[in-house]
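Peer 1: Fold the stuff below for me.
(4 chains)
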Protein chains: 2
Amino acid sequence: MIRSANPLAQEPRYELVTRVLRDNIRNGNLPQGLVLLEGPIAAVMQTSRVPVQSALRQLLDEGLIHRFDGRGYLVGSGQQTVTPIRHDIRDLQLDIPRDVDDALQTRGTWLHVYDHVEKQVAQCQIFGEFRIVETELAEYLGVSRTVVRDVMARLQERGLIRKNTSSHWIAGPLTARTLREKFELRSILEPAALRLAAPHIQYPEVEALQARIGSDPTLTPEYLSEALLELCIARAPNTELVDLIRSNRLLLSAVNRALSVLGLPRDETSIDQYQTLFQLIALHPIDSAAEYLRDYLSIIERRYLARMKIVAVVSVTGGFAPYLISQ
Amino acid sequence: MIRSANPLAQEPRYELVTRVLRDNIRNGNLPQGLVLLEGPIAAVMQTSRVPVQSALRQLLDEGLIHRFDGRGYLVGSGQQTVTPIRHDIRDLQLDIPRDVDDALQTRGTWLHVYDHVEKQVAQCQIFGEFRIVETELAEYLGVSRTVVRDVMARLQERGLIRKNTSSHWIAGPLTARTLREKFELRSILEPAALRLAAPHIQYPEVEALQARIGSDPTLTPEYLSEALLELCIARAPNTELVDLIRSNRLLLSAVNRALSVLGLPRDETSIDQYQTLFQLIALHPIDSAAEYLRDYLSIIERRYLARMKIVAVVSVTGGFAPYLISQ
DNA sequence: CTCGCAAATTGCACTTCGTATAACAGATAT
DNA sequence: ATATCTGTTATACGAAGTGCAATTTGCGAG
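Peer 2: This is a model prediction of the structure:
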């Protein structure tokens, strides 16, 4: 049972709200006698009033808060009488842990398991064709088939899996042809996005990054590729375009990860090319950068192909998620 | 209860097979005494043997075929003895109606209702924001919520609907910004695809079409736009790219349809531009055609915007599918 | 100090969505 | 033929959001 990286993600909202309030009362962030009102709490936690209601009821049961003759609850057990303190909770710097905040933002179990499945499915594809059985994946994830089918539908829409003639789910294999198509798309989309992004790039950041390349060993090709996307390309004022670029890159970066795991040597020469690229971007006239990006993409396409050929020889059998059945 | 344009789509496969065989026996396509075997029939109908089995059993019940001392069935009631005719059924030109064939091809109820919903959802968006309630749509379509959720998930992935903060499904509104983004994408993708398609275009067809433009009144701008896609752009040897282009056009052609229904005058000047475009394509050096296409796209973008502004003034209330709730 | 009113707040009923579960038929593979 | 898997239905329940009506609070006028 894997479910999510963030175990809080499955808890209902009211549990999360309860947790936050409880912790903040215990650590004294919310002083004794403070009047707790549903509405403002809901606003702070970015939810509706209903989960806050349940949370307050639960805290009342636990004796951390008590009622008084007025609206809302007072912090404290109510053993000794305190004068109600009325204060906007937004000013009290409520301590909301990062993971709780994350869990409050995203809703839906399928979103929490999706990333995990996506990564596994993308990664296995270089090694051939795999089949996915809904019921097994459901069992593995500890969710119902309903959720699994939701995940599968999205993976299909994003081009990561398909159905064979007997309508079973199939992932892969990643062929040279698929790779070619993906890179062809990249070299259409990414230079175009870079041009559109030009007026919105934070040039100081790019220059700072560019200066560190070569000396800072943490700047791997993967990191730089990500940086290029986030700092430059994704600034293009066209969300659909950016989304397309992201989803098109997905399989490729999974391939990269999988190859690194296999221990194939990293491609150090591309660091120099990233340096040139960031230099060109920093120099503003964006056209040369876009042209260079296009050339660069056709170079890494060839490198990807070469590395994939190595993998084809080395037969890998183990190490896949158990719900991925090699065909 | 709408379900599908094709009512056959919901019938089980064996019903469809039965129907085809029955009709072909009745109209004499399958002569008396012909040996019917599961395997070949399954191959012709592009299905597995099980549905064919049931179909044959049913035909046996109906007395249209009968058993004999051999594998398979003989056409005919079996009242008088006939000598078995062995003949590959594939050569007999079995008459399979188009709609039955369609129904046999696509599997899954959701596929059958999808197109209908997609069209409606795309069309309403110019007129503002609409909400879709799963249960109502399910009732309207006569399917379960499972199927509806499948459809909604796909529509969401394809960018036609989204969820609001309370996770209700929302379609639209189609803003000037969305329109701009879609056209920006078009002018990135379509010229690029046209270039890639150049070696695969059937030039005689293009020339033939081009010659008819102007004189043939059936060649509307919509028709020509479709022809450009199918005859030229979609020939690009990159299925992902072509799929993206298709799904990106979807909303725009829905807008077009909706505007025509409203009675807005058709844009006749663009016919000339299509003529120029097809001429350029026929002249082979594809670059000028690609450039022209890009320019042309920026022109129609402005036209679309202008027409949308007219719609904004004319308030339209009725005429939407009942499951689309205006906000 | 009290009254009265507007604004804020809560309680509650009503919806809708997310997920689970069981079930069965259709389809395929073995 | 049998076992396996998918497609779909039906049902159920909890979680969460919304709007309305009733209540409380804040605050200024008298």
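
Peer 1: Can you mark which positions in stretch A:256-276 are buried?
Peer 2: By neighbour count with 16 or more other C-beta atoms under 10 Å in any protein chain shown, stretch A:256-276 contains the buried residues A:N256, A:A258, A:L259, A:D267, A:S270, A:I271, A:Q273, A:Y274, A:Q275. The C-beta positions use only the backbone N, C-alpha and C, and glycine is treated the same way.

Peer 1: One more: stretch A:170-178?
Peer 2: By 16+ other C-beta under 10 Å, the buried positions in stretch A:170-178 come out as A:I170, A:A171, A:G172, A:L174, A:T178.

Peer 1: what about the last one, which SS state?
Peer 2: By that I understand A:T178. Using DSSP: H, G, I helix; E, B strand; the rest coil, the structure places A:T178 in helix.

Peer 1: Roughly how far does it sit from DNA strand C?
Peer 2: For A:T178, the distance to DNA strand C equals 23 Å [C-beta to the nearest atom of the strand, to the nearest Å].

Peer 1: now stretch A:191-202: how far from the chain's centre is it?
Peer 2: Remark: stretch A:191-202 is offset 23 Å from the chain centroid, using C-alpha atoms, centre = their mean, to the nearest Å.

Peer 1: Give me the mean pLDDT for it.
Peer 2: Averaged over stretch A:191-202, pLDDT sits at 95.

Peer 1: Next, see if that stretch gets close to chain B.
Peer 2: Yes. Residues of stretch A:191-202 contacting chain B under C-beta under 8 Å from any C-beta of the partner chain: A:A192, A:L196.

Peer 1: So what touches that stretch?
Peer 2: Stretch A:191-202 is contacted from outside by A:231-238, A:241-242, A:245, A:281, A:284, A:286-287, A:289-291, A:293-294, B:184, B:188, using C-beta atoms under 8 Å, 6 or more residues apart in numbering or on different chains.

Peer 1: cutoff 6 Å now
Peer 2: If you take C-beta atoms under 6 Å, 6 or more residues apart in numbering or on different chains as the criterion, stretch A:191-202 is touched by A:C232, A:I233, A:R235, A:A236, A:L241, A:I286, A:A290, A:L293, A:R294, B:I188.

Peer 1: Could you give me the buried positions within that stretch?
Peer 2: The neighbour-count check on stretch A:191-202 (16+ other C-beta under 10 Å) flags A:P191, A:A192, A:A193, A:L194, A:R195, A:L196, A:A197, A:A198, A:I201 as buried.

Peer 1: quick one: which of these sit in helices?
Peer 2: Of the buried residues of stretch A:191-202, the ones assigned to helices by DSSP state H are A:P191, A:A192, A:A193, A:L194, A:R195, A:L196, A:A197.

Peer 1: rewinding a little: what two of the buried residues of stretch A:170-178 have the greatest distance between them?
Peer 2: Largest separation among those by C-beta to C-beta: A:I170 and A:T178, giving 13.1 Å.

Peer 1: element containing the residue positioned nearest the centre of chain A?
Peer 2: Of all residues in chain A, the one closest to the mean position by C-alpha atoms, centre = their mean is A:D115, 7.0 Å from it. If you go by DSSP states H and E, A:D115 is part of helix A:109-124.

Peer 1: Say whether DNA strand C is contacted by that helix.
Peer 2: Yes. For helix A:109-124, a contact with DNA strand C is found by C-beta under 7 Å from any atom of the strand, at A:T109, A:W110, A:L111.

Peer 1: And the next helix or strand past that helix?
Peer 2: The first helix or strand that comes after helix A:109-124 along the chain, using DSSP H and E, is strand A:130-132.

Peer 1: Starting from that following strand, tell me which strands it pairs with and how they run.
Peer 2: Here strand A:130-132 has these sheet partners by DSSP bridges: strand A:169-171 (antiparallel), strand A:324-326 (antiparallel).

Peer 1: What are the buried residues along the helix or strand following that strand?
Peer 2: Following strand A:130-132 in sequence order, the next helix or strand is helix A:134-141 (DSSP H and E). By 16+ other C-beta under 10 Å, the buried positions in helix A:134-141 come out as A:L137, A:A138, A:Y140, A:L141.

Peer 1: Quick check: residues of chain A near chain B?
Peer 2: Chain A has residues A:A153, A:E157, A:E181, A:E184, A:L185, A:I188, A:A192, A:N238, A:E240, A:L241 near chain B, with proximity defined as C-beta under 6 Å from any C-beta of the partner chain.

Peer 1: Please report how far the third one lies from A:I299.
Peer 2: Distance, A:E181 to A:I299, by C-beta to C-beta, to the nearest Å: 17 Å.

Peer 1: Now tell me which helix or strand of chain A has the poorest mean pLDDT.
Peer 2: Ranked by mean pLDDT, DSSP states H and E, the weakest helix or strand in chain A is helix A:98-105, scoring a mean of 78.

Peer 1: Next, give phi and psi for A:V133.
Peer 2: phi -100, psi 120 (degrees, to the nearest 10).

Peer 1: Ignoring the adjacent residues along the chain, who's closest to whichever residue of the stretch 201-327 of chain A sits closest to DNA strand D?
Peer 2: Residue of the stretch 201-327 of chain A nearest DNA strand D, by C-beta to the nearest atom of the strand: A:I325 (8.0 Å). Spatial nearest neighbour of A:I325, excluding adjacent residues (C-beta to C-beta, 6 or more residues apart in numbering or on different chains): A:R131 at 4.6 Å.

Peer 1: quick one: that neighbour and A:L324 touch, right?
Peer 2: No. When contacts are counted by C-beta atoms under 6 Å, A:R131 is not listed as touching A:L324 (7.7 Å).

Peer 1: The two - which one has more neighbours?
Peer 2: Neighbours per residue, other C-beta atoms under 10 Å in any protein chain shown: of A:R131 and A:L324, the larger number sits with A:L324, 22 against 17.

Peer 1: Count the residues that sit near the residue lying closest to the more buried one once chain neighbours are set aside.
Peer 2: Spatial nearest neighbour of A:L324, chain neighbours left out: A:F130 (4.4 Å); criterion: C-beta to C-beta, 6+ apart. A:F130: 22 surrounding residues under other C-beta under 10 Å.

Peer 1: Same question for A:I300.
Peer 2: Residue crowding around A:I300 was assessed by other C-beta under 10 Å; the count is 18.

Peer 1: Same question for A:S288.
Peer 2: 13.

Peer 1: In contact with it, which residues?
Peer 2: By C-beta under 6 Å, 6+ apart, the neighbours of A:S288 are A:L280.

Peer 1: List the residues that contact whichever residue of chain A sits closest to chain B.
Peer 2: Here chain A gets closest to chain B at one residue, A:E157, 3.7 Å apart by C-beta to the nearest C-beta. Contacts of A:E157 were listed using C-beta under 6 Å, 6+ apart, and they are B:E157.

Peer 1: re earlier: from the buried residues of stretch A:256-276, which is closest to A:Y14?
Peer 2: Closest to A:Y14, out of all of those and judged by C-beta to C-beta, is A:A258, at 40.4 Å.

Peer 1: Backbone dihedrals for the closest one, please?
Peer 2: With angles defined as degrees, to the nearest 10, A:A258 sits at phi -60, psi -40.

Peer 1: roughly how far apart are the residue of the stretch 151-300 of chain A found nearest DNA strand C and A:R131?
Peer 2: At 3.2 Å from DNA strand C, A:S166 is the closest residue in the stretch 151-300 of chain A, using C-beta to the nearest atom of the strand. Separation of A:S166 from A:R131 (C-beta to C-beta) stands at 10 Å.

Peer 1: related to what we said a few turns ago, comparing A:E181 and A:I299, which residue is more hemmed in?
Peer 2: Neighbour count, other C-beta under 10 Å: between A:E181 and A:I299, A:E181 has more, with 18 against 12.

Peer 1: so the more buried one makes contact with B:D243?
Peer 2: No. Contact between A:E181 and B:D243 fails when scored by C-beta under 6 Å: they sit 10.5 Å apart.

Peer 1: Next, A:L219: secondary structure please.
Peer 2: Assigned with three-state DSSP, A:L219 falls in the coil class.

Peer 1: Count the residues that sit near it.
Peer 2: With other C-beta under 10 Å as criterion, A:L219 counts 17.
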